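# predicted structure and sequence below. I'll ask about it afterward.
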Amino acid sequence: MDMKFNIREPRYIQIVRYFINQIINSNIAPGERLPSRRKLASILGVNVNTVQRAYNELERQKVIITELNKRSYIQIDTSRIDEIRTSLISDSLNTFLDEIRPLNVDYDELITIIKEKYNDKS
C-alpha cells in the first residue's frame, strides 16, 4: 500500500479517498476483504482510531460492509462506483473553477490549456 499523507486534510479522509480511487480504478474488486483496522494502522503508521474513522466513513458511503466481529470487505455495485466517480470529478472541477474564475481566463483559452496539460505525458 503506497500512501503519502499530506498535511492539508485529515488522514482518515485521505485513507477514504485512497480506497475509493482503488475501487474506481479496479485495483480492488467488490467482495475483496480489507486489512483489519489494526493491521492497516500498522502498515500506514497511523493510530488505529484514524483507520476506524476511515472505515466508518466508507461504511456510511456504502462502499464497505463489516459483519459483526469480522473484517470489512468491499460491498459496492457498479452503479454506486459510477456515482462516486462522477461526484469526485464534479467536486474536483468545482474546486478548480473556484480558483480559476477570479483570474478571468477566457473559456476557449482555458479549454486549450486543459487539453494541453491533460495530454502532456511528462
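Nice, thanks for sending it over. Note that the structure is predicted; figures quoted are calculated from it, not measured.
# please report how far S87 lies from Q61.
With the distance defined as C-beta to C-beta, to the nearest Å, S87 ends up 10 Å from Q61. Backbone N, C-alpha and C define where each C-beta goes, glycine included.
# give me the more crowded residue out of those two.
Q61 (16 against 12; other C-beta atoms under 10 Å).
# list the buried residues for the longest helix anywhere in the chain?
In the chain, with assignment by DSSP state H, the single longest helix is helix 78-100. Neighbour-count burial for helix 78-100, with 16 or more other C-beta atoms under 10 Å as criterion, is recorded at 81, 84.
# stretch 25-32 too?
In stretch 25-32, residues buried by neighbour count (16+ other C-beta under 10 Å) are I28.
# middle-most residue in this protein, spatially?
R17 (2.0 Å; C-alpha atoms, centre = their mean).
# any chance you could map the strands in this structure?
In the chain, strands defined by DSSP state E lie at 64-66, 72-74, listed in chain order.
# next, the buried residues of the first one.
Looking back up the chat, that one is strand 64-66. With the criterion 16+ other C-beta under 10 Å, strand 64-66 contains buried residues 64, 66.
# isn't Q22 up against A29?
No - assessed by C-beta atoms under 8 Å, Q22 is found out of contact with A29, at 9.7 Å.
# residues in a beta bridge with the residue nearest to Y55 when sequence neighbours are not counted, which ones?
In space, Y55 comes closest to S72 once its chain neighbours are excluded; the distance is 5.7 Å by C-beta to C-beta, 6 or more residues apart in numbering. Listed by DSSP bridges, the beta-bridge partners for S72 are T66.
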